[in-house]
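Colleague: need a structure here:
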Amino acid sequence: SGNAKVVRAGKLSLVVSGPRATFERVEPLLDHFGRGATYVGEGERARLVKIAHNVMLGVVTQTLAEITVLAEKGGVPRHAFLEFLNNSVMGSAFTRYKSPAFVNLDYKATFTPVLLRKDFDLGLEEARRLGVSVPVTALTAQLIQAAVATGRVDEDFAILLDLEAAASGLDLVPENVEVDDGLSGEPSGEEGA
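Modeller: Here you go, the predicted model:
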């Protein structure tokens with residue numbers, strides 16, 4: 001899990017499935033790729049874990065978009081709200097990483113809405129197959145489909161912020177504020193995210 005910037009920061013995480021003996025033999029090598037590898041069992045269980053991970057990626061981004069728009073519509077600058085959130089127990093490496101894009105509306109693609117929609121389709125398929133109720137995932141899948149339908153398919157899925165703002169009657173403008181993305185050790189401005 002992680003794009004090129006995450007890899008450069010040494011924060012890549014790996015999920016592995018298959019024969020346990022093979023994993024144990026190659027684990028020391030895999031540990032050099034980033035934060036380490038997690039073994040999740042036989043067969044294709046790593047595929048399911050990656051799908052579940054990306055579903056959470058979309059749900060968290062949609063939630064982050066909603067609460068950011070709520071705060072901004074109430075008069076709180078996005079950068080201030082996200083700084084508070086990221087410094088609280090609710091912040092995460094991911095919310096910090098997406099903050100420059102949210103603050104400065106820099107949607108240079110790290111993961112497109114089309115790719116995210118594919119993972120939501122796979123996640124919903126697995127949920128049906130396994131008999132798991134996933135109502136929040138199903139709703140978020142519809143919002144991701146709406147993002148795809150806008151035609152903005154070459155931008156980052158962080159455009160969910162724009163869609164939430166538009167649905168709330170809020171016109172967003174870039175704040176042009178340096179924001180720490182949590183990866184580089186340096187703030188990311190207009191060009192980063």
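
Colleague: tell me the pLDDT at the residue in the chain sticking out farthest from the centre?
Modeller: Relative to the centre of the chain, the most outlying C-alpha is that of residue 21, 32.1 Å out, by C-alpha atoms, centre = their mean. pLDDT recorded at residue 21 is 94.

Colleague: again, but for the one 5 residues further on
Modeller: Here the pLDDT value assigned to residue 26 is 91.

Colleague: what's the helix or strand for it?
Modeller: helix 20-30 (DSSP states H and E).

Colleague: over to residue 59: give its phi and psi.
Modeller: Phi and psi for residue 59, reported as degrees, to the nearest 10, are phi -60, psi -40.

Colleague: then residue 155?
Modeller: Torsion angles at residue 155 (phi, psi; degrees, to the nearest 10) stand at phi -100, psi 170.

Colleague: touching, it and residue 107? I think so.
Modeller: Yes - applying C-beta atoms under 8 Å, one finds residue 155 in contact with residue 107, separated by 4.0 Å. C-betas here are computed from N, CA, C, even on glycine.

Colleague: for the protein, just list every one of the strands.
Modeller: Per DSSP state E, the chain carries strands over the ranges 14-16, 37-39, 179-180, 187-188.

Colleague: rank the ones you listed by pLDDT, which is bottom?
Modeller: strand 187-188 (a mean of 55).

Colleague: centroid-nearest residue for this structure?
Modeller: Short answer for the chain (C-alpha atoms, centre = their mean): residue 57, at 3.7 Å.

Colleague: contacting residues for it?
Modeller: Listed by C-beta atoms under 8 Å, 6 or more residues apart in numbering, the contact partners of residue 57 are 94, 111, 116, 119.
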